[in-house]
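# Below is the sequence, then the predicted model.
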Amino acid sequence: MKQFISALDVPGIPALVQEALHYKNNPLADRQLGQGKRLGLMFFNPSLRTRLSTQIAAQQLGMESIVFNAGQDGWAFEFADGAVMNGSTVEHIKDAAPVLSSYFDILCIRTFPGLVDRDQDYAEFVLQQFIKHIRIPVVSLESATLHPLQSLADIITLEEHKPAARRPKVVLSWAPHIKSIPQCVSNSFAQWVNAWGQADFVITHPEGYELAEDYTRGAQITHNQQEALQDADFVYVKNWSSYNDYGKVLHDGAGWMLDEQKLKAAPAAKVMHCLPVRRNLELSDEILDGPRSLVSQQAANRVWSAQAVLSRILKSL
Ligand SMILES: NCCC[C@H](NC(=O)CCC(=O)O)C(=O)O
Ligand SMILES: NC(=O)OP(=O)(O)O
């Protein structure tokens, strides 16, 4: 594997899930693989899970990792080709990329969308400018449109908790929020569940929150949350802002927070969220603190997701 920015970079998701579960049982099985190799982690946005789980995964593969909070500590990057740099940007990606290529063997990048210019965000302008100018493999730590390390951890979690004898019903359910939130986690979850192909997949959201069809194709989509929840095995709860009315908050969220009353229609349902979660806005204390919640297991699986991906890339260097 030469890069990891989308499910499309993975030839077979079930095999990668098995590699992750192998590392979960044997964390140090490949502790020589990354000897002498160095991982760069560049953050333009905050992180708890992604940063720490990727560093732990690198360490278990014998790699050294260095975190750079580019959004706070670095010179302001210019990404536009041909820019006259007489404003606030100081260092062009064309100049920084060769430097980073000489320091690191793999570069991981977190860069959120601006949620203003849809074409620019969905072209993955920042991530693609890195990829264009860098000479080492790039791993997404969540980009403008996708969050593949999260989605792989989510599929690992589905694999571990799915019913033994039948296809699981997986529901992605929109949740309230006070801010304009990226579509990345939801796009990515939809892309991976569809590519995995081992679930009946339903997406439910208020009108106006349709996600990009490239990711949702294959899912059943309904504005009726209660109907969607019927007999669900997994409910993935997530807020996102509008894709069509780009970046806008269109609905105050009233009536959309998942609670035990709604889950009477799905007595066996497990509840998932990528975290961080706004308690009693996106999801109730009752659910998060109860036996249905898989949120800690998902976050724990971020280590095995990152380890499987880094291992694949190390083997291809
Ligand atoms: N990395 C995981 C989630 C990142 C982002 N959450 C946020 O921005 C939360 C911000 C807040 O709650 O104020 C999202 O949901 O796409
Ligand atoms: N779920 C997730 O990506 O968390 P962080 O933003 O804390 O990395």
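Yep, it's here. Ligands and ions are numbered 1, 2, ... in the order given.
# Can you name the residues of the stretch 201-317 of the chain sitting close to ligand 2?
274-275 (Cβ under 6 Å from any ligand atom). Bear in mind the C-beta positions are built from the backbone N, C-alpha and C, glycine included.
# So, low pLDDT: which residues of the stretch 201-317 of the chain?
Counting by pLDDT under 70, the stretch 201-317 of the chain has no low-confidence residues at all.
# Determine which residue belonging to it approaches ligand 2 most closely.
Nearest residue of the stretch 201-317 of the chain to ligand 2: residue 274, at 4.0 Å (Cβ to the nearest ligand atom).
# residue contacts, that residue?
By Cβ atoms under 8 Å, 6 or more residues apart in numbering, the contact list for residue 274 reads 147, 150, 154, 185, 238, 298.
# Could you give the bridge partners of the fifth one?
Right, residue 238. For residue 238, the beta-bridge partners under DSSP bridges are residue 174.
# Repeat that for residue 43.
Beta-bridge pairing of residue 43 under DSSP bridges involves residue 110.
# and the stretch 51-200 of the chain, which residues reach ligand 1?
So far as Cβ under 6 Å from any ligand atom goes, the stretch 51-200 of the chain lies against ligand 1 at 142, 179, 181-182, 184-185.
# and with 8 Å instead?
Within the stretch 51-200 of the chain, the positions near ligand 1 by Cβ under 8 Å from any ligand atom are 112, 142, 147, 150, 177-179, 181-185.
# Show me where the stretch 151-300 of the chain has its strands.
Using DSSP state E, counting those that start in this stretch, the strands found in the stretch 151-300 of the chain span residues 169-174, 200-204, 220-222, 234-238, 270-272.
# hmm, the last one in reach of ligand 1?
No. Applying Cβ under 8 Å from any ligand atom, one finds strand 270-272 out of contact with ligand 1, separated by at least 12.8 Å.
# quick one, what contacts residue 139?
3-5, 54, 106-109, 149, 309-310, 313.
# just the helices in the stretch 1-150 of the chain please.
Using DSSP state H, counting those that start in this stretch, the helices of the stretch 1-150 of the chain run over residues 13-25, 49-60, 70-73, 93-103, 118-122, 125-133, 148-161.
# could the ones you listed go into a markdown table alongside distance to residue 196, mean pLDDT and mean neighbour count?
Shown next, in a markdown table, are the helices of the stretch 1-150 of the chain (distance: least, Cβ to Cβ, whole Å; pLDDT from 0 to 100; neighbours: other Cβ atoms under 10 Å):
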| stretch | distance to residue 196 | mean pLDDT | mean neighbour count |
| --- | --- | --- | --- |
| helix 13-25 | 5 | 98 | 17 |
| helix 49-60 | 21 | 98 | 21 |
| helix 70-73 | 32 | 89 | 13 |
| helix 93-103 | 33 | 98 | 15 |
| helix 118-122 | 23 | 98 | 16 |
| helix 125-133 | 23 | 97 | 18 |
| helix 148-161 | 5 | 98 | 24 |
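# want to try TSV for the ones you listed, with distance to ligand 2 as columns?
Below are the helices of the stretch 1-150 of the chain laid out as TSV (distance: least, Cβ to the nearest ligand atom, whole Å):
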stretch	distance to ligand 2
helix 13-25	16
helix 49-60	3
helix 70-73	13
helix 93-103	21
helix 118-122	18
helix 125-133	16
helix 148-161	5
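# could you point out the longest helix in the chain?
Across the chain, the longest stretch assigned as helix under DSSP state H is helix 295-316.
# C-alpha coordinates for that helix, CSV please?
Output of helix 295-316 as CSV, limited to C-alpha atoms (Å, rounded to 0.1, in the frame of the first residue of the first chain):
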residue,chain,number,x,y,z
VAL,A,295,-17.5,4.0,21.9
SER,A,296,-14.6,3.0,24.1
GLN,A,297,-14.1,-0.2,22.1
GLN,A,298,-14.1,1.8,18.9
ALA,A,299,-11.5,4.2,20.3
ALA,A,300,-9.3,1.3,21.5
ASN,A,301,-9.5,-0.3,18.1
ARG,A,302,-7.9,2.8,16.6
VAL,A,303,-4.5,1.4,17.7
TRP,A,304,-5.0,-1.8,15.6
SER,A,305,-6.4,0.1,12.7
ALA,A,306,-3.3,2.3,12.6
GLN,A,307,-1.0,-0.6,13.2
ALA,A,308,-2.4,-2.7,10.3
VAL,A,309,-2.2,0.3,7.9
LEU,A,310,1.4,1.3,8.9
SER,A,311,2.5,-2.3,8.7
ARG,A,312,1.1,-2.6,5.1
ILE,A,313,2.9,0.6,4.1
LEU,A,314,6.2,-0.4,5.8
LYS,A,315,6.1,-3.7,3.9
SER,A,316,5.8,-1.8,0.6
